[in-house]
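Visitor: Got a predicted structure here, sequence first:
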Amino acid sequence: MEETVTADRVNLRSLWIWTRGSRGRLLCALLGALAGAGLGLAQPLIVNRTIEDATAGESVFGLLLVLAVVFSGQAALQAWSTFRLDQAGESIVRRLRQAMVDQLLRLRMAVYDRQRLGDLISRTTTDTTLLRDVLATDVANAIVNTIVVVGGVSMMVWLDPLLAAVVVAVTVGSGFVVGVVLKGIRRETVAAQEATGSLAADLERVLSAIRTVRISRAESRESAALAERNEAIYGHNVRAARLSAVVSPAIDLAVQGSLIVVIVVGLSRVSSGHMGVGELVAFLLYVNYLAAPMSGLFDIAPALQTGLASLERTQEVLDLPTETDRERHKPSQTDGSGLLLQGVRFRYSDREILKGASFHVPRNSYTAIAGPSGAGKSTVFSLLGRFHDPTAGAITLDGCDAHTEHTLGEWRARIGLVEQNSPLMYGTLRDNITYAAPDADESWLRQVVEMAGLAALVKRLPDGLDTAVGEHGSSLSGGEQQRVAIARSLLARPEILLLDEPTSHLDSAHEQLLIETLHRISAECTLVVIAHRLSTIQSADQVVVLNAGQVMASGSYDDVRDYLPTQHATA
Ligand SMILES: Nc1ncnc2c1ncn2[C@@H]1O[C@H](COP(=O)(O)OP(=O)(O)OP(=O)(O)O)[C@@H](O)[C@H]1O
């Protein structure tokens with residue numbers, strides 16, 4: 001990701017930071033697991049004692065009873081602590097996932113232009129799930145297993161240092177093999193996760209333009225491209241699996257090898273009188289008891305590689321820049337002067353788009369912005385919505401600076417925006433209209449529906465305002481979608497309403513209706529309209545003509561007609 005090239009690599013410390021808020025629960029669970037492990041480690045000693053007492057002809061009933069209690073206690077503690085660890089893992093990942101969701105909603109607009117949405121979604125869902133698996137099962141077990149292994153090895157050393165040294169030597173040898181393959185596993189895992197992100201991003205691209213794909217008969221081509229991504233994921237995962245496969249035999253070698261060596265060496269030490277039979281049995285029980293925790297320790301490494309790779313990918317998202325407020329000054333006295341752009345400059349990377357644009361929009365007026373394609377009209381709207389910040393110049397409303405005298409929230413509360421392809425969202429018509437003002441009262445809602453020319457539609461729909469509009473409002477026509485977007489903006493009572501060619505989807509009858517609506521609206525709020533159609537330009541109180549990022553002229557239609565693109569100047 002472009003913005004994160006300097007981001008630090010994540011490590012176990014980064015994981016530790018995310019445990020904040022769950023550490024108490026984690027500690028309780030770990031203590032429970034450790035108590036269970038302690039009971040497990042005590043069992044071979046009790047068995048040793050039982051064998052010694054039995055061979056000496058003493059009663060072993062009491063010891064067997066203790067053994068049963070210790071065994072049941074261990075099982076209960078293990079079950080309880082496993083659940084608690086899982087729960088703590090889930091709550092850590094819940095926090096991480098929420099942080100990612102919050103981050104994705106607040107990224108700077110320029111970041112959305114550069115990032116692939118499918119990939120961001122994949123990082124928020126797939127990667128956090130992978131991380132949960134690692135946290136919930138592997139990391140916590142690794143801590144317990146480490147302590148069990150240290151405890152078990154200490155007991156072995158206490159029982160017979162020579163045999164213990166043999167077991168440790170076999171284990172360390174296998175551990176070395178495992179260590180060598182880990183790097184490769186991590187490399188392949190990261191690559192597989194990245195390929196999964198790319199697949200999600202490509203799928204999102206194709207599905208969001210499915211009609212274009214169909215009409216272009218591009219299904220097979222897209223399918224082949226997606227198959228390539230799929231193949232890449234397969235390849236990386238298979239290579240990771242091949243490397244992981246080396247890990248299992250290494251673990252088996254350690255366990256089986258240790259058992260065989262302990263039996264062979266142990267029997268000779270028993271026959272030479274250096275060790276009792278009970279001690280050998282206890283030793284074998286330790287080897288057996290430690291097999292699972294040891295293999296768990298070997299397994300944790302590849303799992304941890306996956307988890308760290310996921311954490312790295314989530315961390316990259318969390319490091320992306322978000323929208324921030326500049327330092328805010330005390331607001332000036334409002335003077336009712338309306339909207340003013342003064343010498344506004346703006347550039348996308350190295351290309352200057354606005355080159356000192358200045359114009360004034362009086363309060364409660366209707367201003368059309370016209371000009372050729374690429375002149376910078378939508379860019380002006382982006383700056384008015386504070387989606388981007390000007391590189392120079394100022395935007396003020398009633399004398400108050402948009403950036404230094406308003407927070408983002410305060411500014412946007414004063415602005416309404418209807419984009420050209422106004423996105424409707426999955427839900428009902430009411431959900432869509434009340435999106436910016438969920439608490440609007442019903443009579444204002446009805447008024448707005450009327451104003452936006454939606455009354456007939458609402459009457460016709462089976463459930464009126466509560467009819468579902470489909471994904472992206474697909475059950476409504478383009479013009480209806482646009483009017484819903486206008487209603488949505490109006491309902492929030494903005495002081496300035498920005499409309500990007502609101503008549504683009506309308507036939508001439510509806511266009512006339514909308515123009516009347518716009519005039520009605522401009523009595524209550526200031527209207528700024530990007531105008532492509534002559535009718536929209538002509539009906540405005542003021543026309544601002546933009547060309548190559550500069551204001552060429554402003555005034556009434558008659559004042560500016562010589563500066564308009566030819567198709568608009570011919571009326
Ligand atoms: N996100 C972006 N990154 C880089 N360049 C951009 C971006 N958005 C727009 N541009 C460029 O900025 C210039 C102005 O674009 P803008 O959309 O403001 O023009 P416009 O006047 O609204 O055009 P149209 O009438 O065709 O919608 C164009 O040349 C465009 O290629």
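Guide: Great, that's in hand.

Visitor: for stretch 379-397, how far is the first residue from the last?
Guide: Taking C-alpha to C-alpha, to the nearest Å, stretch 379-397 runs 18 Å from one end to the other.

Visitor: Is it positioned near the ligand?
Guide: Yes: shown here: stretch 379-397 in contact with the ligand (C-beta under 6 Å from any ligand atom) through Thr379. Heads up, the C-betas are built off the backbone N, CA and C, glycines and all.

Visitor: can you map out the strands along the stretch 301-450 of the chain?
Guide: 339-348, 351-361, 366-370, 392-397, 400-401, 415-418 (DSSP state E, counting those that start in this stretch).

Visitor: Between strand 392-397 and the longest one, find me the angle.
Guide: Pointing back at strand 351-361 there. Here the directions of strand 351-361 and strand 392-397 differ by 30 degrees (axes from the mean of the first three to the mean of the last three C-alpha atoms, to 10 degrees).

Visitor: residues in contact with strand 351-361?
Guide: 337-347, 367, 376, 379-380, 383, 390, 392-393, 496, 526, 528, 542, 544, 546, 548-551, 554 (C-beta atoms under 8 Å, 6 or more residues apart in numbering).

Visitor: Buried ones in stretch 76-95, by neighbour count?
Guide: Buried positions in stretch 76-95, judged by neighbour count with 16 or more other C-beta atoms under 10 Å: 77-78, 80-82, 84-86, 88-89, 91-93.

Visitor: Please work out the average pLDDT along it.
Guide: Throughout stretch 76-95, pLDDT has a mean value of 87.

Visitor: how about the residues of this structure near the ligand?
Guide: Asp113, Tyr348, Ile353, Gly371, Ser373, Gly374, Ala375, Gly376, Lys377, Ser378, Thr379.

Visitor: Any chance of CSV for those, columns pLDDT, distance to Arg412 and neighbour count?
Guide: Below are the residues of the chain next to the ligand laid out as CSV (pLDDT from 0 to 100; distance: C-beta to C-beta, whole Å; neighbours: other C-beta atoms under 10 Å):
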residue, pLDDT, distance to Arg412, neighbour count
Asp113, 83, 19, 8
Tyr348, 86, 22, 12
Ile353, 93, 22, 21
Gly371, 91, 25, 26
Ser373, 89, 27, 7
Gly374, 90, 26, 12
Ala375, 92, 25, 24
Gly376, 93, 21, 25
Lys377, 94, 20, 20
Ser378, 93, 17, 16
Thr379, 94, 18, 22
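
Visitor: Let me know the closest of those to Ile537.
Guide: Gly371 (10.4 Å; C-beta to C-beta).

Visitor: Need the three-state assignment for the residue lying closest to the closest one once chain neighbours are set aside.
Guide: Using C-beta to C-beta, 6 or more residues apart in numbering and skipping residues adjacent in sequence, the residue nearest Gly371 is Leu546, 3.8 Å away. Following DSSP: H, G, I helix; E, B strand; the rest coil, we place Leu546 in the strand state.

Visitor: what's the burial count for Leu546?
Guide: 24 (other C-beta atoms under 10 Å).

Visitor: measure the residue in the stretch 1-150 of the chain positioned nearest to the ligand to Val418 for me?
Guide: The minimum distance from the stretch 1-150 of the chain to the ligand, using C-beta to the nearest ligand atom, falls at Asp113 (4.5 Å). Distance, Asp113 to Val418, using C-beta to C-beta, to the nearest Å: 21 Å.
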